[in-house]
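Undergrad: Just need the structure, nothing else, for what follows:
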Amino acid sequence: MSAEAFRYESVRKNVLEMIESGTLKPGDKAPSLRRLAARMRVSLSTVALAYGQLESEGVMEARPKSGFFVCARRNPLPPPGIKDCPGEIPETLNRSAIIRTVLASMARRDMLPLGVARTDENLLPLAQLSRIMGQVLRDEGDRVGFYGPVEGFEPLRRQIALRVMEAGTDCTASDTLVTSGAMEALHIALRCVTRAGDTVVIASPTYYCFLQLLENLGLRVIEIPSRPGEGVRPSELAQVVERFRVEACVLTPNFNNPDGALTPDEAKAEIVSILARRGIPLIEDDVYGDIHYGPVRPRCCKAFDENGLVLTCSSFSKTLAPGYRVGWLLPGRFMNTALELKATMSVATATPTQMAVAQYLGSGAYHRHLKRLRPAVKSLMENMHALVGRYFPPGTRASRPEGGSVMWVQLPGGADGAQFMHRALEHGVSVAPGAIFSSQGCFKSFVRLSCCVLPGPELTGAVKTLGAIAEDLLVKGHDDRIPDPWAGDPIAMPECCPKDS
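TA: Numbers count the residues shown, from 1 in each chain. Okay, here's the model as predicted:
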């Protein structure tokens, strides 16, 4: 994060903390710009920008010749439901085309990318990494232009193993395979433990690229609910593996994309045990594990693995540099197969980026970077929650994750998420419609918003526009009442693969 952005966010966060602690109450006058600037040792313009943003969020109001005052507190957005499924994929839903539309906004500079789960470049140490990369290119000579080992650059594997151990999982460099991002890790992991026609259990909703990969590999899917407050319930997973012949399970226990669900460590241990008793491999995606808002990093399922059946995939795409494409896989007992697959898929991960990331990690800079990144992302999540609460129509529901960078929003009045996306694109804003996060066409009135965008007039104006679109798409007479959003049976499981077939 740049120094200016850090100072701006520090002021904004300080004011929010005063409000949350009760130091400033609704109706109270906020400290003057000059007083707060002197206390926090920042410029008047920095405080003015922070106050202006808080005003746009509905937290404060400016009164002529009187200063800024704290507004009445808004009620928090309630959590979204889990039932929004037609039972079959609608013919009008072309998931692949919609996904291509969402991904097309990833690199566009003329689009506000609220539909892509990316971290704002101002929060990433890109300049420092560039300097390290330049040093690597100068010092390593011809070495950077040749293939590295299939398993990855050994110093990088050592650093990854240290990170994994700090997160509570036993690991050595020999347990680690470097990949070209987490998606390649997931691809290798799935091919290690499945073949075409097998059945895989996934959470619902789940990341749309996972669904595309499963489809491309010819795998059948059983979806079980993920709840923003608790993730996948072990009891529901147990019912599925008892009823169906399951070859693998794919989960994101730490801040599931898109609903941000965090599975408690006790539930992770139970999930690993349930699957291990049946010899079913678990593939876990942990790309968001380092972006936790609390004081302690949640553990991976791998920490509870005693049989080598958990394959953990992760990367530095959300925390360092997505363009470097440095990920890794802990394949457990499947290491030999994973190495063979890696060699046939990409031979080896790019040498220069591996060397640069290894040097960055070894310097200790990653620890310092995460200490600043986590509270910054948390602040951006709170900002997005406040903006949606202010500008979206009554009845809107939204998740409140404890980590990660995306928010799962349920539109009121049965508004269609795909229509919402197309309308948003006309105004230069991308969003991800909920239907692409399910193989069964569920979540049609949901959208996923990326929250890792710095506050400012552009973001505020975009969310205000999105709220107006949601208002315009309301279906008259639609009943939004959900007395208990977590009540009811899990999403229906297909009768495609009973154990006795």
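Undergrad: domain assignment for this structure?
TA: 3-70, 95-123+368-472, 126-366 (automatic domain parsing).
Undergrad: and of the ones you listed, who's closest to residue 77?
TA: domain 95-123+368-472 (4.2 Å; CB to CB). To be clear about C-beta, it is placed using only N, CA and C from the backbone, and glycine gets the same treatment.
Undergrad: Counting neighbours, what do you get for residue 440?
TA: Residues lying near residue 440 (other CB atoms under 10 Å) number 17.
Undergrad: Turn the domains of the chain into a markdown table, including mean pLDDT and distance to residue 79.
TA: Below are the domains of the chain laid out as a markdown table (pLDDT from 0 to 100; distance: least, CB to CB, whole Å):
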| stretch | mean pLDDT | distance to residue 79 |
| --- | --- | --- |
| domain 3-70 | 83 | 20 |
| domain 95-123+368-472 | 90 | 6 |
| domain 126-366 | 96 | 5 |
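Undergrad: So for stretch 439-446, first residue to last residue, what's the gap.
TA: End-to-end distance for stretch 439-446, by CA to CA, to the nearest Å: 15 Å.
Undergrad: swap in stretch 218-233?
TA: 27 Å.
Undergrad: returning to what we had before: quick check: which of the domains of the chain is nearest to residue 80?
TA: Across the domains of the chain, closest to residue 80 is domain 95-123+368-472 (CB to CB), at 3.8 Å.
Undergrad: rewinding a little: same list, the domains of the chain, but as a markdown table with distance to residue 80 please.
TA: Shown next, in a markdown table, are those (distance: least, CB to CB, whole Å):
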| stretch | distance to residue 80 |
| --- | --- |
| domain 3-70 | 21 |
| domain 95-123+368-472 | 4 |
| domain 126-366 | 7 |
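Undergrad: Relative to residue 81, which of these is closest?
TA: Distance to residue 81, taken as CB to CB, is lowest for domain 95-123+368-472 among the domains of the chain, at 6.3 Å.
Undergrad: chain center to the closest one: distance?
TA: Remark: domain 95-123+368-472 is offset 12 Å from the chain centroid, using CA atoms, centre = their mean, to the nearest Å.
Undergrad: Please apply the same query to stretch 231-239.
TA: Here stretch 231-239 is found 21 Å from its chain centre; the criterion is CA atoms, centre = their mean.
Undergrad: What residues of it count as buried?
TA: By 16 or more other CB atoms under 10 Å, the buried positions in stretch 231-239 come out as 231-234, 237-238.
Undergrad: what does stretch 411-420 give?
TA: 411-418, 420.
Undergrad: ends of stretch 161-175, how far apart?
TA: 8 Å.
Undergrad: And the contacts of it?
TA: 154, 157-158, 160, 176, 289, 297, 299-300, 302-303, 312, 330, 332, 335, 361, 366 (CB atoms under 8 Å, 6 or more residues apart in numbering).
Undergrad: go with 10 Å
TA: For stretch 161-175, the surrounding residues in contact (CB atoms under 10 Å, 6 or more residues apart in numbering) are 151-152, 154-160, 176, 254, 265, 286, 289-290, 296-305, 308, 310, 312, 314, 316, 328-332, 335, 361-362, 366-367.
Undergrad: Return the subset of those residues lying in strands.
TA: If you go by DSSP state E, those have 310, 312, 314, 328-330 in strands.
Undergrad: where exactly do the strands run in the stretch 301-450 of the chain?
TA: Residue ranges of the strands in the stretch 301-450 of the chain, as given by DSSP state E, counting those that start in this stretch, are 310-315, 327-330, 397-398, 406-410, 429-430, 432-433, 446-450.
Undergrad: Give the pairing partners of the longest one; include direction for each.
TA: Sheet pairing here is set by DSSP bridges, and for strand 310-315 it gives strand 282-285 (parallel), strand 327-330 (antiparallel).
Undergrad: quick one, which of those strands is nearest to residue 396?
TA: For residue 396, the closest of those is strand 282-285, at 27.9 Å, according to CB to CB.
Undergrad: circling back to that earlier point, just the ones of the buried residues of stretch 411-420 in helices?
TA: 417-418, 420 (DSSP state H).
Undergrad: Format the residues you listed as a markdown table; extra columns: distance to residue 400.
TA: Shown next, in a markdown table, are these (distance: CB to CB, whole Å):
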| residue | distance to residue 400 |
| --- | --- |
| 417 | 20 |
| 418 | 25 |
| 420 | 21 |
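Undergrad: List just the nearest of these to residue 9.
TA: For those, the nearest to residue 9 is residue 420 (29.1 Å; CB to CB).
Undergrad: Give the full set of residues in contact with the closest one.
TA: Neighbouring residues of residue 420 by CB under 10 Å, 6+ apart: 409, 411, 431, 433-434, 445-447, 466, 469-470, 472-473.
Undergrad: same thing but at 6 Å, please
TA: Residue 420 is in contact with 447, 469, counting by CB atoms under 6 Å, 6 or more residues apart in numbering.
Undergrad: Can you give me the distance of it to residue 121?
TA: 26 Å (CB to CB, to the nearest Å).
Undergrad: Repeat that for residue 160.
TA: Applying CB to CB, the value for residue 160 to residue 121 is 23 Å.
Undergrad: Tell me which of these two has more neighbours.
TA: residue 160 (26 against 13).
Undergrad: Hmm, residue 328 and the more buried one touching each other?
TA: Yes. Taking CB atoms under 6 Å as the definition, residue 160 is a contact partner of residue 328 at 5.2 Å.
Undergrad: Common neighbours of those two, please.
TA: With CB under 6 Å, 6+ apart, residue 160 and residue 328 have common neighbours residue 176.
Undergrad: State the helix or strand in which residue 69 lies.
TA: Assigned by DSSP states H and E, residue 69 belongs to strand 67-70.
Undergrad: Tell me which residues of that strand come out buried.
TA: Using 16+ other CB under 10 Å as the burial criterion, the residues of strand 67-70 that qualify are 68-70.
Undergrad: Same check on stretch 218-226?
TA: For stretch 218-226, by 16+ other CB under 10 Å, it's 219-226.
Undergrad: Over to stretch 42-54?
TA: 42, 46-47, 49-54.
Undergrad: Could you export those residues as TSV, including distance to residue 378 and secondary structure?
TA: Below are the buried residues of stretch 42-54 laid out as TSV (distance: CB to CB, whole Å; DSSP: H, G, I helix; E, B strand; the rest coil):
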residue	distance to residue 378	secondary structure
42	20	coil
46	20	helix
47	21	helix
49	20	helix
50	16	helix
51	20	helix
52	21	helix
53	16	helix
54	16	helix
